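>>> Next one to model:
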Amino acid sequence: MASDKRLFSPESLDQLLSGWLIHSHKARDRHDLASRTYARGQYALGIPALVVSTIVGTSLFSALASKEVPGLWVGLLSIAAAVLTAVQTFMDFGGRSDKHRIAAVKYKASIRAIEYLLMRLSKSDTVTDEELLDLRTQLDNLEESAPVVMPKIYDAVEKRYQDVKYVRDAIDLYRSGPSKI
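This is a model prediction of the structure:
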């Protein structure tokens, strides 16, 4: 299957910064969506684990107080509680959510930096090579340290941006407000 990846060949500093701006918007959106997804997963798994553990604990306490032997259902619920808790710990939805949220915040900072440089360029101001190198290093480091985004989330954000041909379109998309992905 042929790849639909497009190569970006900027012909000016304005185009280079515009490309970086689009990339930063997409990355911020990916990590923001990933953070929200993992936060929902934390509740979706954590609440049932809490409820089942509470039922088991209450049932065992009640059975011990009345000197009855707990039934099979208490044993099964106990196993379910242990499994849910183990899966919740293994998946670490809270930690994963935090890592993606931090990456999204850092990409937002890069968006502001790029917007500032683009604004200066639009006023015929100059951008130094040092400023450009600092921004590129910031983006490179962020890309290296950011957690991997699930393919489903990556594809949803790519689909949202697939018709964005240039930064003006991205800005219009951004100004139109958040959409449900």
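
>>> tell me the average confidence for the longest helix belonging to the chain?
Longest among the helix segments of the chain by residue count, using DSSP state H, is helix 13-65. What helix 13-65 shows for mean pLDDT is 84.

>>> Could you list every helix and strand in contact with that helix?
helix 72-91, helix 93-122, helix 129-145, helix 151-161, helix 167-175 (3 or more Cβ pairs under 8 Å, 6 or more residues apart in numbering; DSSP states H and E). From N, CA and C alone the C-beta is placed, and that goes for glycine too.

>>> Out of those helices, which gets nearest to Asp29?
Minimum separation from Asp29 across the helices and strands packed on helix 13-65 (Cβ to Cβ) falls at helix 151-161, 4.9 Å.

>>> buried set for the closest one?
Ile153, Ala156, Val157, Arg160 (16 or more other Cβ atoms under 10 Å).

>>> same deal with stretch 29-47?
For stretch 29-47, a neighbour-count test (16+ other Cβ under 10 Å) marks 29-39, 41-42, 45 as buried.

>>> from the residues you listed, which single one is nearest Ile55?
Leu45 (16.3 Å).

>>> Report the contact partners of the closest one.
Leu84, Val87, Gln88, Met91, Phe93 (Cβ atoms under 8 Å, 6 or more residues apart in numbering).

>>> got a markdown table for those residues, with distance to Asp134 and pLDDT too?
Putting these into a markdown table (distance: Cβ to Cβ, whole Å; pLDDT from 0 to 100) gives the following:
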| residue | distance to Asp134 | pLDDT |
| --- | --- | --- |
| Leu84 | 47 | 81 |
| Val87 | 43 | 83 |
| Gln88 | 41 | 82 |
| Met91 | 37 | 82 |
| Phe93 | 34 | 89 |
